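**Student:** can you look at this prediction? I've put the sequence above it.
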Amino acid sequence: MANLIVSGAAGRMGRLLVSIIVNEGTHRLAGALEAPGNPVIGKDAGEVAGVGTQGVRIVDDYATIARPDTVTLDFTNAAASLGHLEIAAGKGAAIVIGSTGFTPELEARAKNLASRTRTVIAPNMSIGVNVLMKITAEVARILGNFDAEVIEIHHNTKVDAPSGTAIALGQTIAEARNLDYQANAVYGREGITGARPHDKIAVLALRAGDAVGDHTVIFGGQGERLELIHRAQSRESLARGALRAAAWLEQRPPGLYSMRDVLGL
């Protein structure tokens, strides 16, 4: 039974995580965190999540609850997650980060800090998406002469684009084909673009309604097209993947791990 801290406890993912932890009883809710100034500070995390009083107050200072015997589940934002990771590294606390929107600079800092404690960082915690990543790499190698494109759609309140998952899929294709992703990524097209260069990898973002997150990888050849699709039907897929990562991470030595490590892919 892992001792779990939920960061962003008043958000949609945070409330979902708290409710699953409480209702299933496989792990223990050991702490809850929100940003300073949030009106839920001091309230019971279970009551905020709608699962009754749990005796766990939401705090705004992560350093007061991070301990070596805890695993934090963090679905906040890149800047906040980086701050939490720095505290976790100092406290020896394990942390699972599912936030997206990391710039190259933030990503480099995160990787440096992550090696100092038990850390899983993944742009998408969904088990299905991580299987899609593995399959995409294999197909990219096999169909090396096919054009590769990635399309994603998310809800209209998502603040970053393209999604971290879509970018990771693009990077997976580039790595499988020994290409420099940054040099070959295309994030939009407009006007007279000319013929499509073969090595380019387009990553296109759509935003509409309440779409949880769909990702489509297209490999286009002459006379045929292969599409790999993952559709998230609810945020529960992300929450359950994160809980699986937390249970796996608890007994691991310090280091930076991915969901591929967690799933043995």
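**Tutor:** Structure received. Numbers count the residues shown, from 1 in each chain.

**Student:** export the top helix by length along the chain as PDB, just CAs?
**Tutor:** Counting by DSSP state H, the longest helix found in the chain is helix 127-142. Output in PDB follows, covering the C-alpha atoms of helix 127-142 (Å, rounded to 0.1, in the frame of the first residue of the first chain):
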ATOM      1  CA  ILE A 127      -1.400   2.400 -20.800                       C
ATOM      2  CA  GLY A 128      -2.900   2.300 -24.300                       C
ATOM      3  CA  VAL A 129      -1.000   5.400 -25.400                       C
ATOM      4  CA  ASN A 130       2.300   3.900 -24.300                       C
ATOM      5  CA  VAL A 131       1.600   0.700 -26.300                       C
ATOM      6  CA  LEU A 132       0.800   3.000 -29.200                       C
ATOM      7  CA  MET A 133       4.300   4.600 -28.800                       C
ATOM      8  CA  LYS A 134       5.900   1.200 -29.000                       C
ATOM      9  CA  ILE A 135       3.900   0.200 -32.100                       C
ATOM     10  CA  THR A 136       4.500   3.600 -33.800                       C
ATOM     11  CA  ALA A 137       8.300   3.100 -33.500                       C
ATOM     12  CA  GLU A 138       8.100  -0.400 -35.000                       C
ATOM     13  CA  VAL A 139       5.800   0.800 -37.900                       C
ATOM     14  CA  ALA A 140       8.000   3.900 -38.500                       C
ATOM     15  CA  ARG A 141      11.000   1.600 -39.100                       C
ATOM     16  CA  ILE A 142       9.100  -1.000 -41.200                       C
END
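
**Student:** so who does A80 touch?
**Tutor:** By Cβ atoms under 8 Å, 6 or more residues apart in numbering, the contact set of A80 is S7, G8, A35, D74, S99. For glycine as for every other residue, the C-beta is placed from the backbone atoms N, C-alpha and C.

**Student:** how about low-confidence regions in the stretch 1-150 of the chain?
**Tutor:** By pLDDT under 70, the stretch 1-150 of the chain has no low-scoring segment.

**Student:** kind regards, and thank you for your time.
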